Every structure is written in structure tokens, then in C-alpha cells.
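Asker: generate a structure from the sequence data that follows.
(one chain, ligands or ions: 1)
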Amino acid sequence: MADFETLTFESADGIVTVTVNRPQKLNALNEQVQRELWAAAQRLGPDGDLAGAAVVILTGAGGKAFVAGADIKAMIDMTAIQGRDFSALGHRAFDAIEALPMPVIAAVDGFALGGGLELAMSADFIYASQASRFGQPEVNLGVIPGYGGTQRLARLVGPAKARELIYTGEMIDAAEALRIGLVAQVFPTEGFMAAVRERAALIAKRGALAVTSAKRVINAGLDVPIERGCEMERQAFGLLFGTEDRREGMSAFLERRDPQFKGR
Ligand code: DAK
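Answerer: This next block holds a predicted model:
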């Protein structure tokens, strides 16, 4: 297993928490963090040592930022080719996170800016503390979002709102982020991570085969015509009838008890 210097891992009850741990730089994404995020996705992927996780929580250390963006100091002297390669590194890591089979929750407590918001958007959804701030401030630096922000933000909140956020570079608070559908829920800052873990535990209790199947179909369907997406849904739905979990879930309902899913 690779050694990690900028990420920490914590595993309990089927929930793996991955924390970007560079709090003195507000967890800004330098090359090392991006490489380690990619390596983290390998640990959580089908062949990794953490493949058994039911849910992943992705967060940032220090209580002030999730991630305050790509590391501006690391980018200042980059040539065009280096800039392209730096962006490709992030894309590779974020795509690998998005493609993980299990749900990934981005737990944002503080700033999620630029590459930080793009990282959060590569998760399945975002939970925010009341103290959080979101934005794509790249135009202030003479660039545009470089890790898929132009695409993922527009899909999440609609093209008009995405344009406004990206063209102005302004920050919005958690309440506004909730209102526009950028975050799934906002929790009080006090006890935020406990609230996120509680939600993660709820998902972890569900049938993992059904949850991962839903994730696959939702993601695969986002960029195809709806008829093809619905066909994928039918196939996945049918396949679940071959699982023990499906029989257990339906039997438990009829027997008025809680289901005990085994992921088989
Ligand atoms: N990069 C590097 N260091 C950062 C940083 C960042 N993005 N954000 C904060 N820091 C560092 C600060 O420099 C400071 O370090 P020291 O001076 O103490 O050594 C430390 O973190 C604490 O930050 P502040 O002192 O600034 O803290 P404040 O509370 O006063 O302000 C803030 C917090 C989040 C409002 C402020 O730090 C801020 O505005 N940060 C920058 C936010 C930002 O603009 N983020 C977007 C970055 S651009 C591309 C590839 C990628 C991208 C684009 C193109 N290609 C290659 C094409 C993506 C770009 C971005 O993400």
C-alpha cells in the first residue's frame, strides 16, 4: 500500500472517512494531494484493500476548509503544458472518485472553492455545515475551473446559475448552496461530522447491491438519452431479482421485521 502524507483514512462500521490533511494551506490541492486522491480511489476501488466499504466520507482537516482550491503557489510558474498536465492529474483523481462503486459523501465544513468544490462535486452528493462557503473563483486568477467544474456545476445547478457563479467568481453560503441544489443538506456546524456519519450509517444499513446498482444506473444515465437510461434501469432492476438481498428485503417487509442484508 502506498504511503499517504496528505490524506488520512479512518474506517469504522463499513464507513471509510478520507480526510485531506493540509490544514495550514486550507487543504489546497498540490500535485501530491492529487496523486494521493487518485491512490485513495485505488484503495477503495474493486481491487483495493478498502473495497469492502459501504460508504465513503470525503472531508478536509482543520475545521476551516474542505479544500480551498488548487494550490495557487504550485501553479504560479507553470507553462501551458505543465498546466495541462496539472489539470489532467486532478481530472484523473476526480474521475476515479466519481467512478467508485459505493456512495461517496463530500462533507464540507468551511471553504469549498475552485478545485475544492470540483472535488466535492465528484462525490455522489455534498453535505454542508452552516459555516460553509462555496465558489468557483478561478476567473479572479485569470483561469477557468480546470477539474471539470464547468461541466459538473452546470449539470448540478443548471447552466444559468453555473454561468453566474463562474463568471462572477463569487462565494455563496450554505443556505444558498442548498437553495440551488448544490448541496443535499445543511447541518449545524456543531456536531457536523457526527450528523454526516449518522446519514452514512443509514446508507450503510441498506442493501449494498441495491445501492451500488442505483449509483451505477444514475451515473451512467446522466449523459445518455432517457430511453437508454431507462433501459439500463430495467436491466439493473431485473438483475437484482437474482440476489439474496432482494428476497431478504421483501421477506422482511412481509414479516414486519428489519432486513438483514448481506450484499449477496
Ligand atoms: N492555494 C494555495 N494556498 C492557499 C490556497 C490555495 N488555493 N488557499 C489558501 N491558501 C493558503 C494561504 O496562502 C495561507 O498560507 P500562508 O500564507 O499562511 O502560508 C493559508 O492557506 C491560509 O489562508 P488565508 O490566510 O488566505 O486564510 P483567510 O481565512 O484569510 O482566507 C480564503 C481564506 C479561502 C478566503 C483565502 O485563502 C482564499 O481566497 N484562498 C484562495 C481561494 C481560491 O482562489 N481558490 C481557487 C483556487 S484556483 C487548472 C487547474 C486547476 C484549476 C484551474 C485551472 N489548469 C491547470 C488549467 C483550479 C483552480 C483553482 O482551484
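Asker: burial of Ser213, as a residue count?
Answerer: 19 (other CB atoms under 10 Å). All C-beta spots, glycine's among them, are computed from the backbone N, C-alpha and C.
Asker: tell me the phi and psi of it?
Answerer: phi -70, psi -40 (degrees, to the nearest 10).
Asker: does it touch Phe241 like I think?
Answerer: No: using CB atoms under 8 Å, Ser213 is not in contact with Phe241; the gap is 11.5 Å.
Asker: who does the host helix or strand of Ala107 pair up with?
Answerer: According to DSSP states H and E, Ala107 maps onto strand 104-108. Using DSSP bridges, strand 104-108 pairs in its sheet with strand 55-60 (parallel), strand 125-129 (parallel).
Asker: compare those strands and give me the one nearest the ligand.
Answerer: strand 55-60 (11.5 Å; CB to the nearest ligand atom).
Asker: hmm, that closest one touching the ligand?
Answerer: No: contact of strand 55-60 with the ligand (CB under 6 Å from any ligand atom) is absent, the minimum separation being 11.5 Å.
Asker: what residues does that strand touch?
Answerer: 14-21, 23, 26-27, 44, 66-67, 97, 100, 102-110, 116, 119-120, 123, 193, 196-197, 200-201, 203-204 (CB atoms under 8 Å, 6 or more residues apart in numbering).
Asker: stretch 216-227 too?
Answerer: Glu98, Ala99, Pro101, Arg155, Arg228, Gly229, Cys230, Met232, Glu233, Ala236.
Asker: follow-up on the earlier one: now the strands paired with strand 104-108 as TSV including distance to Leu37?
Answerer: Shown next, in TSV, are these (distance: least, CB to CB, whole Å):
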stretch	distance to Leu37
strand 55-60	9
strand 125-129	16
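Asker: could these go into a markdown table alongside mean neighbour count?
Answerer: A markdown table is the format used below for the strands paired with strand 104-108 (neighbours: other CB atoms under 10 Å):
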| stretch | mean neighbour count |
| --- | --- |
| strand 55-60 | 25 |
| strand 125-129 | 24 |
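Asker: as TSV, these with mean pLDDT would be great.
Answerer: Output for the strands paired with strand 104-108, formatted as TSV (pLDDT from 0 to 100):
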stretch	mean pLDDT
strand 55-60	98
strand 125-129	98
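Asker: outline the domain layout of the chain.
Answerer: Following automatic domain parsing, one finds the domains of the chain at 7-204, 208-254.
Asker: deepest of those, which one?
Answerer: Ranked by mean neighbour count under mean count of other CB atoms under 10 Å, the domains of the chain are led by domain 7-204, which reaches a mean of 19.
Asker: that domain spans what distance, first to last residue?
Answerer: Terminal residues of domain 7-204 are spaced 23 Å apart (CA to CA, to the nearest Å).
Asker: so how far is it from its chain's centroid?
Answerer: On the basis of CA atoms, centre = their mean, to the nearest Å, domain 7-204 sits 6 Å off its chain's mean C-alpha point.
Asker: so which of the contacts of stretch 216-227 comes closest to the ligand?
Answerer: The ligand has its nearest neighbour among those in Glu98, at 16.7 Å by CB to the nearest ligand atom.
Asker: for the chain, what lies in contact range of the ligand?
Answerer: Near the ligand, when you scan the chain using CB under 6 Å from any ligand atom, you find 25-26, 28, 68-73, 83, 86-87, 111, 113-115, 137-138, 141, 143, 145-147.
Asker: strands - which of those land there?
Answerer: Phe111, Leu113 (DSSP state E).
Asker: sort out for me which of the residues of the chain next to the ligand are in helices.
Answerer: Within the residues of the chain next to the ligand, residues falling in helices by DSSP state H are Ile72, Lys73, Gly83, Phe86, Ser87, Gly115.
Asker: which two in these are spaced the farthest apart?
Answerer: Farthest pair in those (CB to CB) is Lys73 and Ser87. Separation: 16.4 Å.
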